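**Student:** Dropping a prediction and its sequence here:
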Amino acid sequence: MYRPTIAVAGLACETSTFSPSRTQAPAFHPRRGNEIIEKYPFIQPGSPLGESADWRGALIGHALPGGIVTRHAFEALSAEILSRLKEMAASVALDGMWFDIHGAMCVEGLDDAEYELLKRCRQVIGPDVLVSASMDLHGNVSRELAHQTDLITCYRTAPHVDVAETKERACRNLLDLINRRRNGEVFRPYKAWIPLPVLLPGEQTSTRDEPAAHIYAAVPEVEAIEGVIDAAIWVGYAWADEPRNRAVVVVTGWDKQAVSTGAEKLARIFWDSHKDFRFVAPTGTFAECLDTALRSDKRPYFISDSGDNPTAGGSGDVTWGLTQLLMRSEFKDESGPVVIYASVPGPEAVEHAVKAGLGAVVTITAGADVDDTHAGPLTMTGRVHSIKHGDRHAATEVVLQVGSVYAILTKLRKPYHLERDFTELDLNPRSADIVIVKIGYLEPELYNMASDWMLGLTPGGVDQDLRRLGHRRILRPMWPFDHDFGEPDLSSKIIEMSNEELVIS
């Protein structure tokens with residue numbers, strides 16, 4: 001039985017153009033060859049997909065969200081992807097490629113980095129090789145990117161609990177498409193693409209809440225229509241200022257009318273609800289959040305310091321929140337309400353605390369090395385509560401107790417999403433009064449742990465107040481930047497690719 005050969009390649013990084021930080025090549029932690037296959041169980045030997053095709057890793061890189069990717073980093077990683085694809089294509093006939101991306105990667109000097117990368121890959125693998133892209137629903141799908149792919153899909157949940165499921169679906173659909181070949185002839189599905197003039201932060205579009213809950217509930221209903229292969233809705237990425245940034249619907253399938261009707265149905269459901277999106281939790285200034293938490297009898301009470309969320313593209317080293325916290329009189333004494341704050345990077349501060357050792361009282365300065373727009377470096381005096389080495393993101397972590405505040409300081413920036421992120425630092429978030437995390441919507445473990453929570457509308461590279469950031473290059477009109485404009489064109493744009501040339505109809 002013939003086993004098709006499928007390459008795996010892609011770069012993923014959610015990047016804010018409003019953050020002064022820059023993302024370098026090492027941040028992608030590149031995987032090559034068999035390292036890629038080892039990352040994904042569903043394409044490993046012994047799995048149904050693994051036994052049905054010969055999966056070959058070129059290079060993938062997944063960076064922690066951050067600032068714009070430097071052109072040098074993009075060119076270096078792209079060149080290696082192309083080189084590995086060339087070597088692969090020279091030794092075996094490629095049938096397909098899984099394009100493993102996020103979709104919101106901004107690169108210096110480029111407006112559509114994922115399209116540019118795929119276009120370069122196409123120049124190596126040729127137009128006959130079938131390509132399936134898997135993406136984050138916070139990615140961006142330009143017409144050009146949709147054109148270069150044969151299949152394209154994204155997550156259906158936010159927070160993202162269907163990451164593996166989505167990537168496996170992209171691979172399964174690709175294999176099914178390859179197996180439709182007859183006598184070497186390539187069959188390509190239709191893609192119905194509809195852009196929507198809506199650009200909202202993820203904290204207003206969580207699928208845990210309405211209206212996103214019922215909007216995304218309609219996706220599998222459309223996918224189930226005869227003649228449809230896949231249906232997807234992207235809300236887009238709000239913290240980058242590029243013309244491609246907006247919501248998009250794409251439906252793929254064999255029946256042109258079915259994909260067109262399905263896409264228009266999803267676009268209509270989305271547009272009809274565009275004024276109904278609200279934040280996933282009560283919001284307020286940082287001071288209002290602290291005041292509310294102190295008055296509440298709910299424990300632990302979580303607060304999102306959302307403007308510097310490192311998993312949305314913030315630099316992670318904005319000190320504004322921690323500075324405001326330590327100025328509060330309620331937390332000056334060790335007997336005050338217990339507050340955990342995560343986190344602020346400070347390599348020199350961490351090194352000094354480690355040398356001083358557990359229990360030592362130290363005066364250290366941390367933060368604002370990258371983003372000092374809103375507050376400068378913060379100097380604190382406190383007791384070293386705990387030290388941890390070897391974290392994948394932070395490298396080294398130190399907890400400094402200042403009054404009743406337990407501030408987590410890191411050598412390198414790190415997101416705090418899991419209970420063990422705290423317990424491994426000898427902190428018990430469940431018994432704390434207040435837990436403050438640089439995050440947007442709470443990730444599942446934190447959400448389940450919180451007795452109550454608020455979303456702090458704090459400053460930073462991923463400020464939830466989009467109009468405060470100053471977008472200048474997105475297409476206008478765009479909700480919620482503009483309110484007084486008529487209904488957009490919600491008709492399908494059918495995109496198809498022939499074997500001989502790329503044609504947009």
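**Tutor:** Great, that's in hand. All of these numbers come straight from a predicted model, not from anything done at the bench.

**Student:** Specify the local secondary structure of residue 58.
**Tutor:** For residue 58, the assignment made with DSSP: H, G, I helix; E, B strand; the rest coil gives strand.

**Student:** actually residue 244, not the one I wrote
**Tutor:** Under three-state DSSP, residue 244 falls in the coil class.

**Student:** Quote the end-to-end distance of stretch 136-144.
**Tutor:** One end of stretch 136-144 sits 18 Å from the other (C-alpha to C-alpha, to the nearest Å).

**Student:** Show residues contacting it.
**Tutor:** Outside stretch 136-144, the residues within contact range by C-beta atoms under 8 Å, 6 or more residues apart in numbering are 12, 14, 101-104, 112, 114-115, 119, 135, 152, 154-156, 158, 160, 193, 195, 202, 232-237, 240, 242, 244-246, 248, 250, 493, 495, 504. The way it works is simple: take the backbone N, C-alpha and C, and place the C-beta from them, glycine included.

**Student:** mind listing the strands for the stretch 101-250 of the chain?
**Tutor:** 130-135, 151-154, 190-196, 228-234, 247-253 (DSSP state E, counting those that start in this stretch).

**Student:** One more: the stretch 401-505 of the chain?
**Tutor:** Using DSSP E, counting those that start in this stretch, the strands of the stretch 401-505 of the chain run over residues 405-410, 434-437, 452-456, 493-497, 502-504.

**Student:** Skipping its backbone neighbours, what lies nearest residue 265 in space?
**Tutor:** Distances taken as C-beta to C-beta, 6 or more residues apart in numbering place residue 222 nearest to residue 265, at 6.2 Å, with adjacent residues excluded.

**Student:** what's around the one you found, how many residues?
**Tutor:** As a burial measure, residue 222 scores 24 neighbours (other C-beta atoms under 10 Å).

**Student:** so what's it up against?
**Tutor:** Counted by C-beta under 8 Å, 6+ apart, residue 222 has contacts 228, 231, 251, 262-263, 265-266.

**Student:** hmm, 6 Å instead?
**Tutor:** Residue 222 makes contact with 231, 262, 266 under the criterion C-beta atoms under 6 Å, 6 or more residues apart in numbering.

**Student:** Which strand in the protein has the most residues?
**Tutor:** Counting by DSSP state E, the longest strand found in the chain is strand 378-391.

**Student:** which helices and strands sit right next to that strand?
**Tutor:** helix 347-356, strand 361-366, strand 395-402 (3 or more C-beta pairs under 6 Å, 6 or more residues apart in numbering; DSSP states H and E).

**Student:** most packed of these?
**Tutor:** For the helices and strands packed on strand 378-391, the largest average neighbour count (mean count of other C-beta atoms under 10 Å) is found in strand 395-402, namely a mean of 22.

**Student:** Quick one: work out the angle between that strand and helix 347-356.
**Tutor:** For strand 395-402 against helix 347-356, the angle by axes from the mean of the first three to the mean of the last three C-alpha atoms, to 10 degrees is 80 degrees.

**Student:** Show the model's pLDDT score for the nearest residue to residue 330 once chain neighbours are set aside.
**Tutor:** Sequence neighbours aside, residue 336 is the residue nearest to residue 330 in space, at 5.6 Å (criterion: C-beta to C-beta, 6+ apart). For residue 336, the pLDDT comes out at 98.

**Student:** again, but for residue 40
**Tutor:** Residue 40 carries a pLDDT value of 98.

**Student:** How about the backbone phi and psi for it?
**Tutor:** In terms of degrees, to the nearest 10, the main-chain angles of residue 40 are phi -120, psi 100.

**Student:** isn't residue 317 right up against residue 367?
**Tutor:** Yes - here residue 317 reaches residue 367: they are 4.9 Å apart, a contact under C-beta atoms under 6 Å.

**Student:** More neighbours: which of the two?
**Tutor:** Neighbours per residue (other C-beta under 10 Å) separate residue 317 from residue 367, with residue 367 holding more: 29 against 25.

**Student:** For the more buried one, list the residues it contacts.
**Tutor:** Contacts of residue 367 were listed using C-beta under 6 Å, 6+ apart, and they are 317, 319, 344, 346, 377-378.

**Student:** How about it, nearest residue that isn't a chain neighbour?
**Tutor:** In space, and not counting its chain neighbours, residue 367 is closest to residue 319: 3.7 Å by C-beta to C-beta, 6+ apart.

**Student:** still on that earlier bit, mind checking how far the residue nearest to residue 265 is from residue 133?
**Tutor:** According to C-beta to C-beta, to the nearest Å, residue 222 and residue 133 sit 19 Å apart.

**Student:** Tell me which stretches of the protein form helices.
**Tutor:** 34-39, 48-52, 71-91, 113-125, 143-148, 163-178, 212-223, 256-272, 286-295, 320-326, 347-356, 419-423, 444-449, 466-469 (DSSP state H).

**Student:** and those helices as TSV, adding distance to residue 64?
**Tutor:** Shown next, in TSV, are those (distance: least, C-beta to C-beta, whole Å):
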stretch	distance to residue 64
helix 34-39	16
helix 48-52	28
helix 71-91	14
helix 113-125	17
helix 143-148	23
helix 163-178	15
helix 212-223	25
helix 256-272	29
helix 286-295	24
helix 320-326	19
helix 347-356	16
helix 419-423	14
helix 444-449	18
helix 466-469	21
